[in-house]
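K.L.:
Okay, sequence plus prediction incoming.
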Amino acid sequence: MSKIFVTRKISESGIELLKKEGFDVEVSDFDGVLPHELLIEKIKGADAILSLLTDKIDGEVMDASGGQLKIIANYAVGYDNLNLEDAKKRNIILTNTPEVLSETVAEHTFALLLAIAHRIVESDQYFRDGKYTGWAPLLLLGQDVSHKTLGVVGLGRIGSLVAKHAHKGFEMKVLYYDIKRNEDFEKEFNAQFRENVEDILKESDFVSLHVPLLPSTKHLMNEERLKMMKKSAYLINTSRGPVIDENALVKALKEGWIRGAALDVYENEPKSALGLTDLPNAILTPHTASATEETRSQMSILAAKNIIAVLGGKPPITPIK
């Protein structure tokens, strides 16, 4: 009987699929991210690991299975927690969960955009604190979103959907930067391509980041680039935390280089840069952009189906290439 180790409690839908196949499924009962030593202990004899983005899996962890490990199914789109070279050397298949969460993350991104522009969180807190004494013409003035310019950095699945919401829902002008130009997208959404990130920053009222974490994208938004943005602009990030130099962002928000920022991911999760949580012009959600019942269930099912396929001698459904 094949052994599957799931590194953290997830939606039962995928777990049930694995159990129906007759696999021996163990789900971690540890409260939080498994320490490295415990992770190594738990995967002894495992044929598959269903891992999370918070699990750092390298050759040492892979070898702990005793040569049994055939697949690591990551419960995420991103996979910077996995050592691809170590897996390749050991002929271990890696998979992720793309597409099933794109719409949800795009919705969350746009929710952050609207909330920061209309000062929703500030307004909610103002009311709860008992400060509201009646309507006032200059109370908590925000910014319109309709007809403004959205700059999308990274036109993948999620970035494309955010741009779609912007253009079709709010008649926003869409600019985008990506390593590949997409002329079909430009025609459909009346979008304009920019050859570098700097032009996006200089022209946009809202900048939304949708890039993977690579050496080339770490601190993509540094002090120099933050200063390129309009003083009236907002920055939204639902991609990877380290693409923003968080200390520089705190400085930018305090000193008014930009008007506001809305983040779902952080440079050193679960911590944030000193002072970030004190800023009223920042909205911060705890890496919950894909956190809907439907999406987390679909992620669980897709990860399970990848494991079932590979252990059944078939190709994975969504391999990491």
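P.N.:
Great, that's in hand.

K.L.:
got the buried residues for stretch 110-125?
P.N.:
110-122 (16 or more other CB atoms under 10 Å). No exception for glycine: its C-beta is placed from N, CA and C like everyone else's.

K.L.:
Could you provide those in TSV, with additional columns for pLDDT and secondary structure?
P.N.:
TSV is the format used below for those (pLDDT from 0 to 100; DSSP: H, G, I helix; E, B strand; the rest coil):
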residue	pLDDT	secondary structure
110	98	helix
111	98	helix
112	98	helix
113	98	helix
114	98	helix
115	98	helix
116	98	helix
117	98	helix
118	98	coil
119	98	coil
120	98	helix
121	98	helix
122	98	helix
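
K.L.:
how about a markdown table for these, with distance to residue 57 added?
P.N.:
What follows is the buried residues of stretch 110-125, written out as a markdown table (distance: CB to CB, whole Å):
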| residue | distance to residue 57 |
| --- | --- |
| 110 | 33 |
| 111 | 32 |
| 112 | 30 |
| 113 | 34 |
| 114 | 37 |
| 115 | 35 |
| 116 | 35 |
| 117 | 39 |
| 118 | 41 |
| 119 | 41 |
| 120 | 38 |
| 121 | 36 |
| 122 | 40 |
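
K.L.:
Identify, from these, the entry nearest to residue 63.
P.N.:
residue 112 (40.8 Å; CB to CB).

K.L.:
Make sure the closest one is actually in contact with residue 260.
P.N.:
No: with contact defined as CB atoms under 8 Å, residue 112 does not reach residue 260; the gap is 10.2 Å.

K.L.:
Residues in contact with both of these two, list them for me.
P.N.:
residue 283 (CB atoms under 8 Å, 6 or more residues apart in numbering).

K.L.:
List the buried residues of the helix or strand harbouring residue 247.
P.N.:
Per DSSP states H and E, residue 247 falls inside helix 246-255. Neighbour counts using 16+ other CB under 10 Å place 246, 248, 249, 250, 251, 252, 253 of helix 246-255 among the buried residues.

K.L.:
related to what we said a few turns ago, let me know the closest of the buried residues of stretch 110-125 to residue 155.
P.N.:
residue 110 (15.6 Å).

K.L.:
if you skip the residues just before and after it, what's nearest to that closest one?
P.N.:
residue 165 (4.9 Å; CB to CB, 6 or more residues apart in numbering).

K.L.:
The one you found: how many residues sit nearby?
P.N.:
18 (other CB atoms under 10 Å).

K.L.:
and it, what is it in contact with?
P.N.:
Counted by CB under 8 Å, 6+ apart, residue 165 has contacts 106, 107, 110.

K.L.:
before we move on, what about residue 147?
P.N.:
170, 171, 172, 173.

K.L.:
What of residue 93?
P.N.:
70, 71, 72, 87, 310, 316, 319.

K.L.:
What of residue 277?
P.N.:
So residue 277 contacts residue 284 (CB under 8 Å, 6+ apart).

K.L.:
ok, back up a step: may I have the helix holding residue 247 exported as CSV, CA atoms only?
P.N.:
Output of helix 246-255 as CSV, limited to C-alpha atoms (Å, rounded to 0.1, in the frame of the first residue of the first chain):
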residue,chain,number,x,y,z
GLU,A,246,9.1,45.9,2.3
ASN,A,247,11.3,48.4,4.3
ALA,A,248,11.3,50.7,1.3
LEU,A,249,7.6,50.4,1.0
VAL,A,250,7.1,51.4,4.6
LYS,A,251,9.2,54.5,3.9
ALA,A,252,7.2,55.2,0.7
LEU,A,253,3.9,55.1,2.6
LYS,A,254,5.1,57.1,5.5
GLU,A,255,6.7,59.8,3.3
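
K.L.:
domains of this structure?
P.N.:
Taking automatic domain parsing as the reference, the chain has its domains at 3-98+293-311, 102-284.

K.L.:
before we move on, the earlier item: now the contacts of residue 165 as JSON lines including distance to residue 200?
P.N.:
What follows is the contacts of residue 165, written out as JSON lines (distance: CB to CB, whole Å):
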{"residue": "106", "distance to residue 200": "18"}
{"residue": "107", "distance to residue 200": "22"}
{"residue": "110", "distance to residue 200": "18"}
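
K.L.:
what's the closest of those to residue 178?
P.N.:
Closest to residue 178, out of all of these and judged by CB to CB, is residue 106, at 15.7 Å.

K.L.:
sec struct for residue 261, please.
P.N.:
The local conformation at residue 261, judged by DSSP: H, G, I helix; E, B strand; the rest coil, is strand.

K.L.:
can you tell me which residues contact it?
P.N.:
Residue 261 is in contact with 116, 234, 235, 236, 237, 249, 252, 253, 281, 282, 283, counting by CB under 8 Å, 6+ apart.
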